[in-house]
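**Q** Fold the following and give me the result.
(one chain, ligands or ions: 1)
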Amino acid sequence: SFTIAIIGRPNVGKSTLFNRLVGQKLALVDDMPGVTRDRREGEAKLHDLSFTIIDTAGLDEGPKGSLTARMQEQTETAIALADALFFVIDARIGLTPADRAFADFARRADKPVLLLANKSEGKHGELGAMESYALGLGDPIQISAEHGEGMGELYDAVSKLVPPTEDEDEEHEETDEERAARPIRVAIVGRPNAGKSTLINHLLGEERLLTSPEAGTTRDSIAVEIEYKGRGFRIFDTAGLRRRSRIEEKLEKLSVADALRAVRFAEVVVLMMDAQNRFEEQDLRIADLIEREGRALVIAVNKWDLMEAQPGQIAGLRRDADHWLPQVAGAPIVAVSGLMGEGIDRLMQAIVQSYAVWNRRVPTAALNRWFEGAIANNPPPAVSGRRLKLNYITQTKARPPSFVLFCSRADAIPQSYLRYLVNSMRETFELPGTPVRITLREKA
Ligand code: GDP
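**A** Reported below is the predicted structural model:
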């Protein structure tokens, strides 16, 4: 959905704004333990507008006034993920050097920015708001996130950005036949030198396109189509992207924006890791992105030819994957050697299987049966002496499997309980390697 990131220096009130917009009524639940994610996301509501909102406030621990590398990285990630930005300042304090530093990010993003002069309750913010014109981010909108003032102006501004809510039911539903007839869109992502191009070259059966930086290759055309055992695959090559950008910008790593492009393109994402340095920070970040975008995931552990054969090695990989990536528990993990062409068969099978799971619709009767069993085995906790009532659950869509759970008090259901439901559902319906979403809704 349309995504807005809230950015700005610490203490300007980003979280307060986030909480006001997300409220407690509709929590987007995410079976994410937060190992790699320092941002919060939620479904924001502003009258009849809905959009996804990302808060970068978890970063507020940096030393006062400084912009730590970590904050920078997270702000950049949030900006890359967003379609538009809320740039927040504290109107009572006026502009600080840190505000200006964050404003640079906002300007460079080349995305619509709304300048929000927060803490403007009463007339407190007049001065800061005036000052903020100097940022060159347009007219400030004076709000008070805490007191709920200025929400009308905010609504007017946001309504010009957010497209009208698409009704998910109206989405064209592909038939199984239609789906089988077209290629599966696959992206192969991973850190530089994981071996992505080598694998793609192997799949193509010839050394072309990828190993040499061809001038004039546009970003959009870096996709190749192959047929493997009668099934079509359209493969998006991020290695090609990186090579090209390296030449242009001397970038050493795959940028978030590039990874995001690839992930958005794909239905199934192959996260390729180097067997000798696997599950590193950057791998987990990419996995986080894949989960966030709701894509099916296959993990390929490459350069397996360099590993000394040892008993239990594959089982160890499985354990590592489930430990590091609990949010996509059971994601298929395949040991390959792109160089030697080993494990390719299993990789392609895993892609097809993951794709099928991602497209799965759980039959209503089976879903109801599971739901009753799951809450009987482990009832939701009581809150102030009253048991929470979970009424029913329904699958609203596939790709990835998404459910709405109707209940008495959405705000009172702990994340841990929802994680329990997701895991139980995963096991019962065999949903490995795909994100599973449960959204809570209060029964009217
Ligand atoms: P990319 O940046 O992910 O596209 O990685 P490349 O495909 O360019 O590979 C990086 C380096 O790893 C190259 O020197 C490859 O020859 C090497 N490499 C790639 N795959 C394998 C593999 O399966 N086994 C071994 N031993 N080396 C590999």
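
**Q** check contacts around residue 421.
**A** 374, 405, 438 (Cβ atoms under 8 Å, 6 or more residues apart in numbering). C-beta coordinates here come from the backbone N, C-alpha and C atoms, glycine included.

**Q** what helix or strand is it on?
**A** helix 415-429 (DSSP states H and E).

**Q** Which helix or strand lies directly C-terminal to that helix?
**A** Next along the chain from helix 415-429, counting by DSSP H and E, comes strand 437-442.

**Q** counting contacts, what elements does that next one pack onto?
**A** Here strand 437-442 touches strand 28-29, strand 402-407, helix 415-429, going by 3 or more Cβ pairs under 8 Å, 6 or more residues apart in numbering; DSSP states H and E.

**Q** between it and helix 415-429, how big is the angle?
**A** 120 degrees (axes from the mean of the first three to the mean of the last three Cα atoms, to 10 degrees).

**Q** Going by neighbour count, which residues in strand 437-442 are buried?
**A** 437-440 (16 or more other Cβ atoms under 10 Å).

**Q** which one of the contacts of residue 421 is nearest the ligand?
**A** Distance to the ligand, by Cβ to the nearest ligand atom, is smallest for residue 438 among the contacts of residue 421, at 34.8 Å.

**Q** show me what contacts that closest one?
**A** Residues in contact with residue 438 (Cβ under 8 Å, 6+ apart) are 29, 393, 402-405, 418, 421-422.

**Q** what does residue 47 give?
**A** Residues in contact with residue 47 (Cβ under 8 Å, 6+ apart) are residue 155.

**Q** 36 is where my numbering starts, stick with that
**A** In the new count, where the first residue is 36, that last one comes out as residue 82.

**Q** For it, give me the pLDDT.
**A** Looking at residue 82, its pLDDT stands at 85.

**Q** Then residue 421?
**A** 81.

**Q** Ok, residue 183 next?
**A** As predicted, residue 183 sits at a pLDDT of 90.

**Q** for it, phi and psi?
**A** phi 70, psi 20 (degrees, to the nearest 10).

**Q** Heading C-terminal from the lowest-mean-pLDDT helix or strand in the chain, find the next helix or strand.
**A** Within the chain, confidence by mean pLDDT, DSSP states H and E is lowest for strand 63-64 among all helices and strands, at a mean of 40. Going down the chain from strand 63-64, the next helix or strand is strand 75-81, by DSSP H and E.

**Q** what's that next one packed up against?
**A** Applying 3+ Cβ pairs under 8 Å, 6+ apart, we find strand 75-81 packed against helix 49-57, strand 63-64, strand 84-90, helix 186-194.

**Q** so the closest residue to residue 228 other than its chain neighbours bridges to which residues?
**A** Nearest non-adjacent residue to residue 228, counting by Cβ to Cβ, 6 or more residues apart in numbering: residue 309, 6.8 Å away. Beta-bridge pairing of residue 309 under DSSP bridges involves residue 312, residue 337.

**Q** Break the protein down into its domains, please.
**A** 38-194, 211-393, 399-477 (automatic domain parsing).

**Q** Let me have the ones you listed in TSV, extended by distance to the ligand.
**A** Below are those laid out as TSV (distance: least, Cβ to the nearest ligand atom, whole Å):
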stretch	distance to the ligand
domain 38-194	20
domain 211-393	3
domain 399-477	21
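
**Q** can you redo the helices and strands packed on strand 472-477 as a markdown table with distance to residue 151?
**A** Shown next, in a markdown table, are the helices and strands packed on strand 472-477 (distance: least, Cβ to Cβ, whole Å):
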| stretch | distance to residue 151 |
| --- | --- |
| strand 63-64 | 22 |
| strand 437-442 | 31 |
| helix 450-464 | 28 |
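
**Q** Lowest mean pLDDT across the ones you listed, which one is that?
**A** Checking each of the helices and strands packed on strand 472-477, the one with the poorest mean pLDDT is strand 63-64, at a mean of 40.
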